[in-house]
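> take this sequence and fold it.
(one chain, ligands or ions: 1)
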Amino acid sequence: MTISLLGAVVCFFLTSRIVDSSRATFLEGTYSNFRDYGSLISNQMEITGYLNSPNSNVDNELNTIAELYGGRVVVTNAYHVIVYDSYQTETGKTLVSKNIVACLSGKEVYEINEESEHAKILLPLRPTGAESVSGALIVQVSISDELQNFKTFRERAISYGLIAWLVVLLAAWLAAVWIAYPIKKIMQAMKHIASGFLNEEVHVNGNREAASISRSTNEMLWKNNQLEKSRQEFVSNVSHELKTPMTSMKVLSESLLVQPDTPVEMYREFLTDINDEIARENEIITDLLTLVSLDKSAAVLKLVRTNMNALIETILKRVKPLAEQRGIEVVLESYREVFAKVDEVRLMMALTNIVENAVKYNREFGYVHVTLNADLRFVYITIEDAGIGIPEEEIPHIFERFYRVDKTRSRETGGNGLGLAIAQEIIQMHQGTIRVSSKEKEGTTFTIRIPLNVQML
Ligand code: ADP
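Model prediction:
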């Protein structure tokens, strides 16, 4: 609509400009002819003294002009007295009008009367080089041919203008269809998907923009489906993990119940196992609750200026007894005293999980080497162990919830596959990054980078 309206305005404007400018060309063509005659005749009049005593030579010349143009030619002298009239009716009379006064004062006058289809031209007679005006040449000619030509031209220009506007209208309509049609198709496809067909894709062949919208929609759908898939996986993992200790407890308690005279030792043993399973169940639930409560935004963090050296030393002190049981050496190498604004409790939980893993997945008499450093913007922590390492193909998965490289081994060490997921979420909440590099049977290094000042978004 806008393009066609603009097109109409432009076409109308251009057509009227063309018509206006050509009007002068059509109607004033006669004028320039008479100008030439004017100067020619005034020279002849000067030479022959015509204005004082008319002579037949100039008369003939004037008659020829009158006949040639089918009009009337009148000549006055400087005193408004008519010395020649091709109609021979007004000779000798005095002619006074606004136009003749203007002409005798040296101005050329051109007047068109479209109704009577006549043009009147008044030319001052001024011999070449002379200053003063010695008379006036008045020519009145019919311009009906010129007017007719102009009218034909005007009609043609208007119809071309209209055709141009129709072309613009058609182009605007085609453009609208070309743009709107694919969008309509996309909307239909999206409605269809929204009604529950989430696995379908949008396929629209149209302009580049439509193709890019459908590509982005498909990407969004794909991500959504992935999210839904991982949510389902998570739910089924949670159910499985929670059910396992329950099943063990049920088996243990049932076996006690079915035996009528169970010895006390056996009761003790089974109850200890049941107690372990309860502790395990409790641990899973606590970890799950932690994970659910973690929001990836920094807004929920309780940020306080924390001495990172002290924080890491506390963690290491806690894991040292466990490490010492297996002869594992735990060392902190700190390059400087580092203060950072972090959520102390949460960050401690994240780092504890990683350090505990370094001890858990270590070998007898191995080592855990922790470094702490900082520059102007970040604090850097590395946790390196000389443990069992992680197979290369497993590395991308270790941050997934419930993911364990060696299911049986982790069970022995008491893991549930949530530790690294929790650690990663906490570090990301601090707008930090965690990377891992590992070699099977050689060891693993986790590298953590956290901004010294977490930005509240
Ligand atoms: P878990 O409770 O099983 O330790 P995590 O989420 O902490 O769960 O770790 C996921 C898995 O990544 C572990 O089961 C283990 O297989 C592997 N892993 C984590 N840290 C290390 C490490 N330092 N060395 C070797 N493997 C590790």
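> distance check, the spatially closest residue to residue 378 that is not a sequence neighbour against residue 421.
Once flanking residues are discounted, residue 378 sits nearest to residue 449: 5.1 Å by C-beta to C-beta, 6 or more residues apart in numbering. Using the backbone N, CA and C atoms, a C-beta is placed for each residue, glycine as well. Distance, residue 449 to residue 421, by C-beta to C-beta, to the nearest Å: 19 Å.
> thought residue 326 was touching residue 360?
No: look at residue 326 against residue 360 with C-beta atoms under 8 Å: they stay out of range, at 9.7 Å.
> those two: which is more packed in?
In this view residue 326 and residue 360 are compared by other C-beta atoms under 10 Å, and residue 360 has more residues nearby, 22 against 13.
> find me the pLDDT at residue 7, would you?
With respect to pLDDT, residue 7 has a value of 90.
> next one: the helix or strand hosting it to chain centre, how far?
If you go by DSSP states H and E, residue 7 is part of helix 2-27. Relative to its chain's centre, helix 2-27 lies at 36 Å (C-alpha atoms, centre = their mean, to the nearest Å).
> report all helices and strands that that helix contacts.
Judged by 3 or more C-beta pairs under 8 Å, 6 or more residues apart in numbering; DSSP states H and E, helix 2-27 is in contact with helix 144-194.
> pLDDT on the helix it packs on, on average?
On average, the pLDDT along helix 144-194 is 89.
> what distance separates that helix from the middle of the whole chain?
That offset, for helix 144-194, works out to 28 Å (C-alpha atoms, centre = their mean).
> and residue 373, helix, strand or coil?
strand (DSSP: H, G, I helix; E, B strand; the rest coil).
> tally of neighbours for it?
As a burial measure, residue 373 scores 15 neighbours (other C-beta under 10 Å).
> gap between it and the ligand?
Separation of residue 373 from the ligand (C-beta to the nearest ligand atom, to the nearest Å): 20 Å.
> from what I see, that residue and residue 337 are in contact.
No: contact criterion C-beta under 8 Å: residue 373 and residue 337 do not qualify, at 11.0 Å.
> touching stretch 422-442 from outside, list them.
Stretch 422-442 is contacted from outside by 287, 290-291, 294-298, 300-301, 342-343, 346-347, 349-351, 353-354, 386, 388-392, 395, 398-399, 444-451, 454-455, using C-beta atoms under 8 Å, 6 or more residues apart in numbering.
> got the CA positions of that stretch in PDB?
Coordinates of each C-alpha in stretch 422-442 appear next as PDB, following Å, rounded to 0.1, in the frame of the first residue of the first chain:
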ATOM      1  CA  ILE A 422      27.000 -29.300  40.800                       C
ATOM      2  CA  ALA A 423      30.500 -28.000  40.500                       C
ATOM      3  CA  GLN A 424      30.100 -26.800  37.000                       C
ATOM      4  CA  GLU A 425      26.800 -25.100  37.700                       C
ATOM      5  CA  ILE A 426      28.200 -23.200  40.700                       C
ATOM      6  CA  ILE A 427      31.300 -22.100  38.600                       C
ATOM      7  CA  GLN A 428      29.000 -21.000  35.800                       C
ATOM      8  CA  MET A 429      26.900 -19.000  38.200                       C
ATOM      9  CA  HIS A 430      30.100 -17.200  39.100                       C
ATOM     10  CA  GLN A 431      30.500 -16.500  35.300                       C
ATOM     11  CA  GLY A 432      33.500 -18.700  35.400                       C
ATOM     12  CA  THR A 433      34.800 -21.600  33.300                       C
ATOM     13  CA  ILE A 434      35.900 -25.100  34.100                       C
ATOM     14  CA  ARG A 435      38.000 -27.200  31.800                       C
ATOM     15  CA  VAL A 436      39.400 -30.700  32.100                       C
ATOM     16  CA  SER A 437      42.400 -32.400  30.500                       C
ATOM     17  CA  SER A 438      43.100 -36.000  31.300                       C
ATOM     18  CA  LYS A 439      45.100 -39.000  30.200                       C
ATOM     19  CA  GLU A 440      44.000 -42.500  31.200                       C
ATOM     20  CA  LYS A 441      46.300 -44.100  33.800                       C
ATOM     21  CA  GLU A 442      48.300 -40.900  34.100                       C
END
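> now do the buried residues in that stretch.
By 16 or more other C-beta atoms under 10 Å, the buried positions in stretch 422-442 come out as 422-432, 434, 436, 438.
> that one vs the ligand: in contact?
No: figure legend: stretch 422-442 not in contact with the ligand (C-beta under 6 Å from any ligand atom); closest approach 6.5 Å.
> quick check: mean pLDDT across that stretch?
In this model, stretch 422-442 has a mean pLDDT of 95.
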